[in-house]
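Peer 1: This is a predicted model, with the sequence first.
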Amino acid sequence: MLQHGKSLSEKAADDILAMIQIDHVFSEGEKLPNEIEFSERLRISRTTLREAIRILVAHGVVEIRRGKGTFVRKGIGRNGDVGLGELTEFPMDIRDLYEMRLIFEPQAAYYAAQRATGRELERILQYGRLEGELIRTHQDRTEAERAFHKSIAKATHNEFMNRLMPILYRALDRGVPISDAKEEMVQDTLHDHRAIMDFMEARDPEGAKTAMKLHILRAMRGFGIAGE
């Protein structure tokens, strides 16, 4: 939503947005905690929180209802699909979707490794670990994989990448059930995500970019899609 080189209030606004769109701590129409509780929870001053809320109001994420409190606006979309809705309805086959991932996500990993705040990096690692655990215990990992890749996109601090994610989700949603039926692809995902996380944690942009590219190419080969 915002550019890098941020003020404390802008960082707080991004944290709150991530709580809504990635962590799903707050749902559409839900009231946010009161000022004292929320500022303590975020470990920021009440002044910083007020400014963060103003930023989110300006971006149409939350609304202040006089005498009632601050609420997450309805209709913002859990995936943050703002302005690219037409593309999400455009018919694409799995090759189209994975080629789009190959074009955008390696560079997203590069910028995320450079720009992620400490909290954003921890969110990436958290969802990467969760997905690994879900794979090992043979549980549905679709939501965790979405959150992992969306956390990386958000950490780029590039608004276009965040708006593009609902389209890329279509590749994830179609790919996960297919890959889960192939043990080799499941193990590749575990290995590849671990490599991405390691490079992210080391703040190695080139390593993260290469690991993401190899991850997507490996998935394309697994699906029988020719990747160059």
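Peer 2: That came through, no problem.
Peer 1: in this protein, which spans are strands?
Peer 2: Listed in chain order, the strands of the chain (DSSP state E) span 62-65, 69-72.
Peer 1: For the residue sitting nearest the centre point of the chain, list the residues it contacts.
Peer 2: The chain has residue 150 as the residue nearest its centroid, 1.5 Å off, counting by CA atoms, centre = their mean. Residues counted as contacts of residue 150 (CB atoms under 8 Å, 6 or more residues apart in numbering) are 21-22, 79, 162, 165. From N, CA and C alone the C-beta is placed, and that goes for glycine too.
Peer 1: who touches the closest residue to residue 46 other than its chain neighbours in this structure?
Peer 2: Nearest residue to residue 46 in three dimensions, chain neighbours excluded: residue 39, at 4.7 Å (CB to CB, 6 or more residues apart in numbering). Residue 39 sits next to 45-46, 48-49 when contact means CB under 8 Å, 6+ apart.
Peer 1: which secondary element of the protein has the worst mean pLDDT?
Peer 2: Using mean pLDDT, DSSP states H and E, helix 85-89 stands out as the lowest-scoring helix or strand of the chain, at a mean of 42.
Peer 1: Deepest in the core, which of the strands of the chain is it.
Peer 2: strand 69-72 (a mean of 18; mean count of other CB atoms under 10 Å).
Peer 1: got a list of contacts for it?
Peer 2: 20, 26-32, 34, 53, 61-65.
Peer 1: who wins for neighbours among the residues you listed?
Peer 2: For the contacts of strand 69-72, the largest number of neighbours (other CB atoms under 10 Å) sits with residue 62, at 26 neighbours.
Peer 1: ok, so what distance separates it from residue 56?
Peer 2: Separation of residue 62 from residue 56 (CB to CB, to the nearest Å): 5 Å.
Peer 1: overlap in contacts of these two?
Peer 2: Contacts common to residue 62 and residue 56, judged by CB under 8 Å, 6+ apart, are residue 16.
Peer 1: in the protein, which segments are predicted with low confidence?
Peer 2: For the chain, the stretches with pLDDT under 70 are 1-5, 76-92, 169-182, 226-228.
Peer 1: That one - how does it break down into domains?
Peer 2: 8-72, 85-222 (automatic domain parsing).
Peer 1: distance of the residue of the chain positioned farthest from its centre from residue 136?
Peer 2: Ranked by distance from the centre of the chain (CA atoms, centre = their mean), the top residue is residue 67, with 33.3 Å. According to CB to CB, residue 67 and residue 136 sit 49 Å apart.
Peer 1: Stretch 104-117: which residues count as buried?
Peer 2: 104-113, 115-116 (16 or more other CB atoms under 10 Å).
Peer 1: ok, residue 194 - contacts?
Peer 2: Residue 194 makes contacts with 128, 132, as judged by CB under 8 Å, 6+ apart.
Peer 1: Swap in 10 Å and give it another go.
Peer 2: 128-129, 132, 211 (CB atoms under 10 Å, 6 or more residues apart in numbering).
Peer 1: same question, residue 206
Peer 2: Contacts of residue 206 (CB under 10 Å, 6+ apart): 109-110, 113, 199.
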